[in-house]
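> A predicted structure for the sequence below; I have some questions about it.
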Amino acid sequence: MYENKKGAMHADQSTAKLQKMTIKNHQPNNTTITPDLSTIEPYCTILNMLETGEKNAVHLKAIINRTELKNREARKCIEQLRRSGFVIVSNSNGYFIPETPEELQKYINQETHRAKSVFYTLKNARQLLQQIKEAE
């Protein structure tokens with residue numbers, strides 16, 4: 001089985017547990033029936049490239065160069081790794097495994113803000129759809 005030398009954290013850990021545990025040594029705990037992406041290329045290469053901590057963020061261009069994937073393909077692979085249980089944090093510096101609870105909280109806040117923004121922009125579309133259905 002693949003073992004990421006930097007480690008990765010599973011998404012269902014609480015903040016209290018996070019502070020007590022060593023983030024870099026935590027591995028995902030997949031309870032669903034999914035393939036172990038960490039043993040399949042290009043996922044394995046991407047995981048091996050990721051470093052622990054924001055200071056070691058790996059830019060998407062480096063991932064694209066190493067894997068020879070297109071931009072969208074590389075992003076899709078990272079999304080699939082995240083959905084399979086790996087906590088891969090991203091910011092303007094690149095992708096990395098969170099090293100501290102603060103790095104993880106910053107990422108959670110960033111993604112929460114993004115999700116709220118998307119739902120807010122859908123508000124008018126929902127209202128228009130409701131008006132159309134009521135007019136039928």
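Good, I have the coordinates.
> does anything pack onto the helix or strand encompassing residue 72? Which helices or strands?
Here residue 72 sits within helix 71-83, counting by DSSP states H and E. Helices and strands touching helix 71-83, by 3 or more C-beta pairs under 8 Å, 6 or more residues apart in numbering; DSSP states H and E, are helix 43-49, helix 60-67. Where you see a C-beta, it was placed from the backbone N, CA and C, and this is true even at glycine.
> just checking the distance from it to the centre of its chain.
8 Å (C-alpha atoms, centre = their mean, to the nearest Å).
> show me what stretch 60-76 is in contact with.
41, 42, 45, 46, 49, 77, 78, 94, 95 (C-beta atoms under 8 Å, 6 or more residues apart in numbering).
> how far does that stretch sit from the chain's center?
So, by C-alpha atoms, centre = their mean, the centroid of stretch 60-76 is 15 Å from its chain's centroid.
> buried residues in it?
63, 67, 69, 74, 75 (16 or more other C-beta atoms under 10 Å).
> nearest to residue 108, of those?
Relative to residue 108, the closest of the buried residues of stretch 60-76 is residue 75; by C-beta to C-beta it sits at 19.3 Å.
> from the contact counts, what lies against the longest helix along the chain?
In the chain, ranked by residue count with DSSP state H as the criterion, the top helix is helix 101-135. Judged by 3+ C-beta pairs under 8 Å, 6+ apart, helix 101-135 is in contact with helix 15-20, strand 89-91.
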